[in-house]
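**Q** here's my sequence, what's the structure:
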Amino acid sequence: MAVSTHNYTRTNTAIYVSDKVRNLMRLLIINYNLDPTKLVDAWSDWVQDAARQWMEDGDLKSFIIEFYKPGASVASARWDFPIRYDGSDIDQMWIDTDFLKGTFAKAPSPPAGCTYRILLQPTATARPLPGMSSASYLSLAGLTAREAGTVIGTPDIMASAKYYR
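**A** This next block holds a predicted model:
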C-alpha cells in the first residue's frame, strides 16, 4: 500500500511542479517582453509529458530556459529551475511567485531581438523517452550563476531558481 501511495503522490506532485514551472517561465518571458506562445506550444508538445515522467522516476535534474539571439552560440540570459526530491515533509504544495518576481529585477533582461528555448536536464541514468534527444547548451561565456532560492514546494518535490547574469 505504501508504494501505491508514494506513486500517487509523486504523480500528482510531478504534474503540479511542471505546471507551476511553466507558469513561472511564462511570467519570466512576459517580463522580458517576449511572446510566450513558443513556451505554451513546447509544453503541450513535449515538455509536460517528459518532465512529468522523469520527475515521477526522480530523474529530472532541471528545467532550463535559454535566451539568445538567433544563430548565436552564446546565451544572452539563462534561468535554471533545479529539481530536488527531498520535499518539505509537509502536507502542502506552494509556489512563491512574488519572491521570483522580485528576483527578475536582479537578473538583466536579454537584449532586443532575442528568442528562447526550453531544455530539460535528466540524470545520466534516466530512461530514454520517445521523441527526446540530447541537445547542447549554449555557452555561458561572461555570465555568472546566482542562486535565487526555493520557489516551489511539495511534500516530495522541490524546485528552486538560478539565474545567470
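**Q** quick check, central residue of this protein?
**A** Closest residue to the average C-alpha location of the chain: residue 63 at 2.8 Å, with C-alpha atoms, centre = their mean.
**Q** quick one, helices of this structure?
**A** Secondary structure of the chain (DSSP state H): helices at 2-31, 37-42, 48-57, 97-104.
**Q** now the second one: buried residues?
**A** Using 16 or more other C-beta atoms under 10 Å as the test for burial, helix 37-42 gives 39, 42. In short, each C-beta sits where N, CA and C put it, glycine included.
**Q** doesn't residue 83 make contact with the residue nearest to the centre of the chain?
**A** Yes - between residue 63 and residue 83 there is a contact under C-beta atoms under 8 Å: 7.4 Å.
**Q** and for those two, which residues touch both?
**A** Overlap of the contact sets of residue 63 and residue 83 (by C-beta atoms under 8 Å, 6 or more residues apart in numbering) consists of residue 159.
**Q** off-centre distance for the helix or strand of the chain with the lowest mean pLDDT?
**A** Least confident helix or strand, the chain: helix 2-31 with a mean of 83, by mean pLDDT, DSSP states H and E. Taking C-alpha atoms, centre = their mean, to the nearest Å, the mean C-alpha location of helix 2-31 is offset from the chain mean by 10 Å.
**Q** now swap in stretch 47-54 and tell me
**A** 11 Å.
**Q** can you tell me the closest non-neighbouring residue to residue 34?
**A** Once flanking residues are discounted, residue 34 sits nearest to residue 116: 6.5 Å by C-beta to C-beta, 6 or more residues apart in numbering.
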